[in-house]
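Trainee: sequence and predicted structure are below.
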Amino acid sequence: MKYALPLVLALLVHPVANAANAANATVGNVQTGKETFTRLCASCHRVGPSARGAFGPQLNGVFGRKAGSTADYRYSDAMKTSNVVWSDATLGAFVQSPGKVVPGTKMRFWGMSDPQQIADLLAYLRTFQ
């Protein structure tokens with residue numbers, strides 16, 4: 001209990017700097033994230049027990065994984081050498097603007113600007129950790 005006040009104060013003082021951080025601060029809805037994934041991501045990416053690379057890499061266990069590291073997908077050199085490790089912040093920023101996070105990526109997606117939509121998608125992807 002003695003740490004509660006400093007934690008609350010730290011949360012109040014630290015501003016949300018961008019949409020990736022806003023996605024982290026926003027609670028995601030798994031069902032809405034599934035609908036977003038189905039509508040915007042599933043044509044290229046797979047998740048679930050039988051997922052494997054297709055037009056894009058499979059996204060099982062994406063959090064904590066180094067970008068460009070699955071064996072069943074042929075990544076761009078930019079992705080393989082990016083040194084990005086996927087977290088809420090990095091994946092949220094990438095979904096918002098792929099080319100800004102990994103210049104030269106092959107991913108053909110313009111990005112999402114809605115922090116809630118990003119948070120929902122990340123919540124859904126977390127169910128496949």
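Mentor: Perfect, I can see it now. Numbering: from 1, shown residues only.
Trainee: all helices for this protein, in order.
Mentor: 4-13, 19-25, 30-36, 77-80, 88-96, 98-101, 115-126 (DSSP state H).
Trainee: could you tell me the least trusted of those helices?
Mentor: Lowest mean pLDDT of the helices of the chain: helix 4-13, a mean of 36.
Trainee: in contact with the residue sitting nearest the centre point of the chain, which residues?
Mentor: Of all residues in the chain, the one closest to the mean position by C-alpha atoms, centre = their mean is Leu91, 2.8 Å from it. Residues near Leu91 by C-beta atoms under 8 Å, 6 or more residues apart in numbering: Val62, Phe63, Leu122, Leu125. (C-beta placed from N, C-alpha, C; glycine too.)
Trainee: one more: Ser82?
Mentor: By C-beta under 8 Å, 6+ apart, the contact set of Ser82 is Ala67, Gly68, Val101, Val102.
Trainee: just give me the closest of the residues you listed to Ala54.
Mentor: When the contacts of Ser82 are ranked by distance to Ala54 (C-beta to C-beta), Gly68 comes first, at 16.0 Å.
Trainee: that concludes my questions; thank you for your assistance.
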